[in-house]
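Chemist: attaching a predicted model along with its sequence, questions to come.
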There are 2 protein chains.
Amino acid sequence: MTATMYDLAGIDGRRFSPFCWRTRMAFAHKGVPLETRPMTFTEINANAIDPSERRTVPTVDIDGTLVTDSWTIAEMLDREYPDAPSLFGGEHAMQLTRTIEAWTNSVLHGAVASRVLLDIYNNIEEQDKAYFRESREKRFGRTLEEVQAGRDERGKEFYQNLTPIRLVLRETPFLGGETPLYADYIVFGGFQWARSVSDFKLLDDDDAVAHWRDRMVSLHDGLANSVTVYA
Amino acid sequence: MTATMYDLAGIDGRRFSPFCWRTRMAFAHKGVPLETRPMTFTEINANAIDPSERRTVPTVDIDGTLVTDSWTIAEMLDREYPDAPSLFGGEHAMQLTRTIEAWTNSVLHGAVASRVLLDIYNNIEEQDKAYFRESREKRFGRTLEEVQAGRDERGKEFYQNLTPIRLVLRETPFLGGETPLYADYIVFGGFQWARSVSDFKLLDDDDAVAHWRDRMVSLHDGLANSVTVYA
C-alpha cells in the first residue's frame, strides 16, 4: 500500500492545518508510511485534489482511492491495521473521543485562532491571501488584525481555557494515559497549527500542557519538527 | 451485599451533591441496590461518617467497609460487577473519561455554581448556613449574592460553555453513544445539582443538551426525580 496525504501548505514549507496534523500523527502512530503533497487554499478550492467533487484536507490517496476527513481516516486506520497500536482504544473510547474532539474544535481552535490568525495570513502564498482574509473575516465578524489584537493581554484567558486538559496532564503523560491515543493527536493539532505559523508564546514553560506538547513533538522521531516551525 | 451512601442533604429532602449523583446513577446503572443516609455539611465536618478520619461525600458503606470518592467508587463497581453494563467502557475509555470529568469539574460546575450558589444556601439547614457562606465566599472571592447576580443576562455565556457536549449530543443520544456511560453521569451530576436547589432555567427547551438531560432524568425508572427537585 502507498498512502499520500493532500496537505495544506503555506510558504517556506509550512504545513499548518490542525486536521492534517491529526492524520499525519495517526499514520505515524500506526507505523504506516505516508507521503504528503502540498496544496494551497487556491488549489483545494479549484478541486485540484479531485476534479469530480469538492474535497477538503486532509484527503488521503490510498492505492488510488480517496478518503476525506481526519476522523474517517483514523477510523479506517484502526480497522485496517488492527495489530498496530490502537488509535481510539476501542468502541467506547472512540465515542468518548468525540467530546474531546468537540472541545478541541470549539474551545481550543477558537482560542488559538484568536491569537495567530494574522500570523497564518502572513505565512500563506500571495494567491491565497484574498480568499483567506475574506472567508475568515466573515467567520469572525472582524478583521484579521482585530481578531489577533491584544493577544499579549489575553494570556490568563488562554490558560483558563486549557484547564480541562491541564488537570489530566498533571496526572498522566498523555490524555490517553501512559501512551498517546488519537485524542492526544486531536488536541496536539491545535498547538502544531500555532507553532507552524507563529512565534507567539502560548504556554508558560512550567505548564503541564507545555510539557505534554514537548512530549508530543518528540513522538515518532520528532515528526512535528520535520517541517518548518517557529518553536 | 448491602450498600449505603452518605449523601449531602438540604432541607425538604433535597439531595444536591453533584458527586453523590454520579455515584447514585452509577449504582443504578449496575443494577446494585443503594440506600442513602442524609448528612448535613455540619455533620460531615464533624466526622459523623467516620469518627477516625475526615471523609467527604460520597462515601459508601459496603458491608461495613467505607469507600470514599465518586471515581474510586465507580472503578470499584466496574471491577466487582463485570457482568453488569460497564460504566467506563474499558481501560482506554476510563482514561478519556478523565478529560470529561476535568471539564465538568472546572467549566460546567463553575458555570452552574455562578448561577445557583445563593439558591443552594437557601436550601440547606440553618446550622449549615454559616459554614457554607464562609467557605464559598472565600472560594469565589465574592458574596453568594454577588456570584449569582446577573444570571439572567449570562445565558449566552452558559450556552457557549456547553458547546463541546452539545456538538456530540446532536449526533448521539448520550456522550457514551446509544447508551449512557459514566461520562454521562459525571456531566449530569452538574445539572441535577442545579435542578435540586433552583428553579433557574439553565437550558432552552430546544437545546440538544436539554433533550439529553431529559433522557438522563428518565433513566433507571426516573431515579433523578425520586428526590425533591424544582424541574
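Modeler: Alright, I've got the coordinates.
Chemist: quick one, what contacts A:M39?
Modeler: A:Y6, A:D7, A:L8, A:A9, A:A48, A:I49, A:V57 (Cβ atoms under 8 Å, 6 or more residues apart in numbering or on different chains). (Each C-beta comes from the backbone N, C-alpha and C, glycine too.)
Chemist: with adjacent residues omitted, what lies nearest to the fifth one?
Modeler: Read that as A:A48. Spatially, and ignoring its direct neighbours in sequence, A:A48 is nearest to A:M39 (6.4 Å; Cβ to Cβ, 6 or more residues apart in numbering or on different chains).
Chemist: check the fourth one too.
Modeler: Using Cβ to Cβ, 6+ apart and skipping residues adjacent in sequence, the residue nearest A:A9 is A:P38, 3.4 Å away.
Chemist: who does that neighbour form a beta bridge with?
Modeler: Under the criterion DSSP bridges, A:P38 forms beta bridges with A:D7.
Chemist: residues touching it, list them.
Modeler: Applying Cβ under 8 Å, 6+ apart to A:P38 gives the contacts A:D7, A:L8, A:A9, A:R15.
Chemist: how near is the residue nearest to A:A48 to chain B?
Modeler: 27 Å (Cβ to the nearest Cβ, to the nearest Å).
Chemist: just A:D214 next, same as before
Modeler: Going from A:D214 to chain B by Cβ to the nearest Cβ gives 19 Å.
Chemist: count of neighbours near that residue?
Modeler: 11 (other Cβ atoms under 10 Å in any protein chain shown).
Chemist: what's the answer for A:T2, then?
Modeler: 10.
Chemist: for A:G222, same thing?
Modeler: By other Cβ under 10 Å, neighbour count at A:G222 equals 9.
Chemist: tell me which helix or strand it sits in.
Modeler: Take DSSP states H and E as the rule and A:G222 turns out to sit in helix A:208-222.
Chemist: so which elements touch that helix?
Modeler: helix A:18-30, helix A:163-169, helix A:182-197 (3 or more Cβ pairs under 8 Å, 6 or more residues apart in numbering or on different chains; DSSP states H and E).
Chemist: I'd guess A:T36 is in a helix, am I close?
Modeler: No: looking at A:T36 with DSSP: H, G, I helix; E, B strand; the rest coil, it is strand, so not inside a helix.
Chemist: I'd guessed it sits against A:D7; true?
Modeler: Yes: counting by Cβ atoms under 8 Å, A:D7 is a contact partner of A:T36 at 4.2 Å.
Chemist: now for those two: what residues contact both?
Modeler: A:R15, A:C20, A:R24.
Chemist: picking up where we left off before, got the contact list for the helix holding A:G222?
Modeler: Outside helix A:208-222, the residues that touch it by Cβ under 8 Å, 6+ apart are A:25, A:28-29, A:162, A:165-166, A:169-170, A:173-174, A:180, A:184, A:188, A:191-192, A:203-204, A:224-225.
Chemist: how much space separates A:R215 from chain B?
Modeler: The value you get for A:R215 to chain B, if Cβ to the nearest Cβ is used, is 16 Å.
Chemist: about what we covered before: export the contacts of A:P38 to a markdown table and tack on pLDDT and neighbour count?
Modeler: Putting the contacts of A:P38 into a markdown table (pLDDT from 0 to 100; neighbours: other Cβ atoms under 10 Å in any protein chain shown) gives the following:
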| residue | pLDDT | neighbour count |
| --- | --- | --- |
| A:D7 | 98 | 23 |
| A:L8 | 98 | 26 |
| A:A9 | 98 | 25 |
| A:R15 | 98 | 23 |
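Chemist: apart from its neighbours in sequence, what residue is nearest A:D50?
Modeler: A:L66 (5.8 Å).
Chemist: would you agree that neighbour is in contact with A:E53?
Modeler: No: A:L66 is not in contact with A:E53 according to Cβ under 8 Å; the separation is 9.1 Å.
Chemist: these two: which has the busier surroundings?
Modeler: Set A:L66 next to A:E53 and count neighbours by other Cβ under 10 Å: A:L66 wins out with 15 against 9.
Chemist: what are the bridge partners for that one, then?
Modeler: With DSSP bridges as the rule, A:L66 is bridged to A:D61.
Chemist: what residues are up against it?
Modeler: A:I49, A:D50, A:R55, A:T59, A:V60.
Chemist: out of those, which are buried?
Modeler: Burial by neighbour count, judged by 16 or more other Cβ atoms under 10 Å in any protein chain shown, picks out A:I49, A:R55, A:T59, A:V60 from the contacts of A:L66.
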